[in-house]
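Novice: Fold the following.
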Amino acid sequence: MGTIESYCPGCFHEKGTAPLCPACGYDERSRTSPIALPPRSLLRDNYLVGRVLGRPGGFGITYLGYDLSLETRVAIKEYLPRDMAGRDDDHRTVVLHSQDDTESFTYGLEQFLQEARTLAKFNHPRVVRVRAYFQENATAYLVMDYIEGISLAEFLERLDQPLTEQQALDVMMPILDGVGVVHSQGFLHRDIKPQNIYLTAARQPILLDFGAARLAMGEKSRSLSVILTPGFAPYEQYHRRGEQGPWTDIYACAATLYYMVTRQVPPDALEREKGDTLTPPDTTQPGLSPHFCRAVLRALATESASRPRSIAEFQSLLRGLPVAPSAEPDPTLAIPAPMKVSGRVADPGASVTLAIAPPQPTAPRRSWVPLAAGIAAAVLLVTVAVIGYWMFQPAPDDSGRSDTPVVASPETGSQPATPTADADDKPVPPPPAAAAAADPIRPATPAAGDAPDAAAKPPAPVTAPTGRTTQPAAPPSVTPATDTAPAPTEASPRREPLRLSEPELRARLRDYTPPPHVRQRIRSLTRFVKISCLVPIELLVDETGAVARATPQPSPCPPNVALLYAEATRHWRFEPTRSPDGSAIPVIGIVHIPFPPPEKDAPDGARPLPRR
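Specialist: Predicted coordinates for the structure are as follows:
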């Protein structure tokens, strides 16, 4: 590992003392922005600041950074509203231009940190991951993963032609998956546009730059123009009291899709409110499917009530799938229903609603009988051992039970009944259950070895001296059902499941109540396991809407939590998914379940137990 002075601020490869980097061509002799931190500034004695990524924004600057402890590159976002603050003489400390802006600056700083805390809880492959956040130099910093690639806007500029419908969906559908998970936690992006969608070197889209802090600053400032992108912001974002929710981000996603397939930015929402001049996308780009055009135009409606209400509904419209009528938010165990975020923020934490509440601190227990402390400790250990054994023992598995009814033949006295041979004489025997119901129970005969139905077969069986009836050696008895009825389930091919996103899968959930013993074990876990996490579980739902398989995915949650939640999801019931031809099809997807469950949405649908 070289010294700090030997690292290139442009790529963080070691270049020695030469001013020009041979690896990336960065020239240290070139002038840098006076508002930015000097290259090689050290933050928290661990993060080395490099060149500015892109251009400094109105509310912050993003740098290329280097984590000295992990020896990896990161992206460092600094909170710095240029209209209110600048650099002090040391070129590091942030100072206000006027003391009149102290309240607005402090409010925006709190929103910036709240955004960091919320994003740090997300672990979705389409949302940039936050590693750390801290305050220094009279401002705040957010450390994120550094992603190599280019923005969608730059990619389209280089391509210089519109994308096809399928190419646009390949970019936007994964982004919608990530936005749906963010919405489920009560958080909005508010600034989705081609500049904030990044395409990695592996051609994977990533959503960057959440705009909660910028919007909060805009509400406190005198102008909203600097936080809006004309053509991609809906009408409600132009008003401080505009009702915002998932439909706000849906408008921006539809505008981005429109831009990808037409290379034209939609008209500004304020202009469209006076007189709509939006051109259907298939007018500019022939060959687009009708359902795709209808979905984009509906999501670009100026009235928020006319747009899709959820990401899952918008994705179904884009795919041309039937959409169930909007109902009340689903009270699922996996994810709480999306919450509307008002355009007016009443307090620093109002713009974000966390789905995972941190565990409340519990008061330490003190023995009220000091002389019996040893006995109490022994009793406590035994109690914990019993509870742990009961809580972590595997649940009874019903998968091995047969659905075929078991039919008991009538007993003759205390001797075992003799199997009937009616199949040899009757051309079409009834099913086993029907035969048992039709055959009356006859009283016992004096001879214990007599057959139950001697009239069915003239040659009577030979009675052994022991009193048991002996069957002929050949032919062996054959179950009637296997000879007369073919097995259609083995002959018919099984359809491949359709993979759905989490919002789409969640929208189909109809019953999520686990059995009482599972609910009780979830309650017990919340008392003994003090951790907050999201448990990802892959669900395979068959044609009837039942969960055929629930598989926990790798996560930081304890294994016992993941296994218990997988057991709970096997009792969920979904609305059957139908293909365009109307036939039911199996589906597969991953859901993220918060642990512990939110207080307002207990896993058993009842009031949660009070915390001690």
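
Novice: from here on, contacts and neighbour counts on C-alpha atoms
Specialist: Will do.

Novice: Counting by contacts, list what the helix or strand harbouring residue 157 packs against.
Specialist: Assigned by DSSP states H and E, residue 157 belongs to helix 152-159. Other elements packing on helix 152-159 under the criterion 3 or more CA pairs under 8 Å, 6 or more residues apart in numbering; DSSP states H and E are strand 197-200.

Novice: pLDDT weak spots in the chain?
Specialist: 1-2, 57-58, 210-227, 324-374, 384, 386-494, 599-612 (pLDDT under 70).

Novice: Break it into its domains for me.
Specialist: Domain assignment of the chain by automatic domain parsing yields the ranges 1-146, 149-335, 495-612.

Novice: I'd like to know which of the ones you listed is closest to residue 380.
Specialist: Set against residue 380 and scored by CA to CA, the domains of the chain come closest in domain 495-612, at 13.6 Å.

Novice: can you tell me how far residue 152 sits from residue 293?
Specialist: 21 Å (CA to CA, to the nearest Å).

Novice: Neighbour count: those two, which is higher?
Specialist: It is residue 152, of residue 152 and residue 293, that has more neighbours when counted by other CA atoms under 10 Å, with 22 against 19.

Novice: Count the residues that sit near residue 498.
Specialist: Using other CA under 10 Å, residue 498 has 15 neighbouring residues.

Novice: Same question for residue 562.
Specialist: Neighbourhood size, residue 562 [other CA under 10 Å]: 23.

Novice: and it, that one's in a helix?
Specialist: Yes. The assignment for residue 562 is a helix, going by DSSP: H, G, I helix; E, B strand; the rest coil.

Novice: Could you give me the buried positions within the helix holding residue 157?
Specialist: 152, 153, 156 (16 or more other CA atoms under 10 Å).

Novice: Check stretch 533-547 too.
Specialist: 533-543, 545-547.

Novice: Dump that stretch to CSV, restricted to CA.
Specialist: What follows is stretch 533-547, C-alpha atoms only, in CSV (Å, rounded to 0.1, in the frame of the first residue of the first chain):
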residue,chain,number,x,y,z
CYS,A,533,-33.6,-7.2,9.3
LEU,A,534,-35.4,-8.1,6.0
VAL,A,535,-35.8,-11.8,5.3
PRO,A,536,-35.9,-12.6,1.6
ILE,A,537,-37.9,-15.7,0.7
GLU,A,538,-38.5,-17.1,-2.7
LEU,A,539,-42.1,-18.3,-3.2
LEU,A,540,-43.3,-20.8,-5.8
VAL,A,541,-47.1,-20.4,-6.2
ASP,A,542,-49.1,-23.0,-8.1
GLU,A,543,-52.0,-22.6,-10.4
THR,A,544,-54.5,-22.6,-7.5
GLY,A,545,-52.8,-19.8,-5.6
ALA,A,546,-51.3,-22.0,-2.9
VAL,A,547,-47.6,-21.8,-2.0
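
Novice: What are the contacting residues of that stretch?
Specialist: For stretch 533-547, the external contacting residues (CA atoms under 8 Å, 6 or more residues apart in numbering) are 356, 497, 548-557, 561-562, 565-566, 569-577, 584-596.

Novice: Pull out the buried residues from the residues you listed.
Specialist: Buried members of these, counted by 16+ other CA under 10 Å: 356, 548-552, 557, 561-562, 565-566, 569-577, 584-596.

Novice: Okay, residue 539 and residue 495: tell me how far apart.
Specialist: For residue 539, the distance to residue 495 - CA to CA - is 16 Å.

Novice: Which residue comes closest to residue 141 once chain neighbours are left out?
Specialist: What sits nearest to residue 141 in space, not counting adjacent residues and going by CA to CA, 6 or more residues apart in numbering, is residue 78, at 4.7 Å.

Novice: So which elements touch whatever helix or strand the one you found lives in?
Specialist: Residue 78 is part of strand 72-79 when elements are defined by DSSP H and E. Packing partners of strand 72-79 (3+ CA pairs under 8 Å, 6+ apart): strand 60-67, strand 139-145.

Novice: show me the contacts for residue 128.
Specialist: 144, 145, 206, 207, 208.

Novice: Listing partners with orientation, what would you give for the host helix or strand of residue 551?
Specialist: Counting by DSSP H and E, the element that carries residue 551 is strand 547-552. Strand 547-552 has the following sheet partners, assigned by DSSP bridges: strand 533-541 (antiparallel).

Novice: could you dump the domains of the chain to a markdown table with distance to residue 375?
Specialist: Shown next, in a markdown table, are the domains of the chain (distance: least, CA to CA, whole Å):
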| stretch | distance to residue 375 |
| --- | --- |
| domain 1-146 | 42 |
| domain 149-335 | 40 |
| domain 495-612 | 22 |
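
Novice: before we move on, back to that, out of the contacts of stretch 533-547, which are inside strands?
Specialist: In this view, these that belong to strands under DSSP state E are 548-552, 573-574, 577, 584-585, 587-595.

Novice: From what I see, residue 579 and residue 319 are in contact.
Specialist: No. The pair residue 579 and residue 319 fails to qualify as a contact (CA atoms under 8 Å) at a distance of 10.9 Å.

Novice: Would you map the helices across the stretch 51-200 of the chain?
Specialist: Remark: helices assigned in the stretch 51-200 of the chain by DSSP state H, counting those that start in this stretch are 102-120, 152-159, 165-184.

Novice: With the stretch 251-400 of the chain instead?
Specialist: Ranges of helices in the stretch 251-400 of the chain, per DSSP H, counting those that start in this stretch, are 269-274, 281-284, 290-299, 311-319, 373-392.

Novice: Counting by contacts, list what the first one packs against.
Specialist: Using 3+ CA pairs under 8 Å, 6+ apart as the contact criterion, no secondary-structure element is in contact with helix 269-274.

Novice: Convert that helix to CSV, retaining C-alpha atoms only.
Specialist: Extracted in CSV, the C-alpha atoms of helix 269-274 (Å, rounded to 0.1, in the frame of the first residue of the first chain):
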residue,chain,number,x,y,z
ALA,A,269,-46.6,19.2,-16.7
LEU,A,270,-47.5,22.9,-16.1
GLU,A,271,-47.9,23.4,-19.9
ARG,A,272,-50.0,20.2,-20.2
GLU,A,273,-52.3,21.3,-17.4
LYS,A,274,-53.3,24.3,-19.6
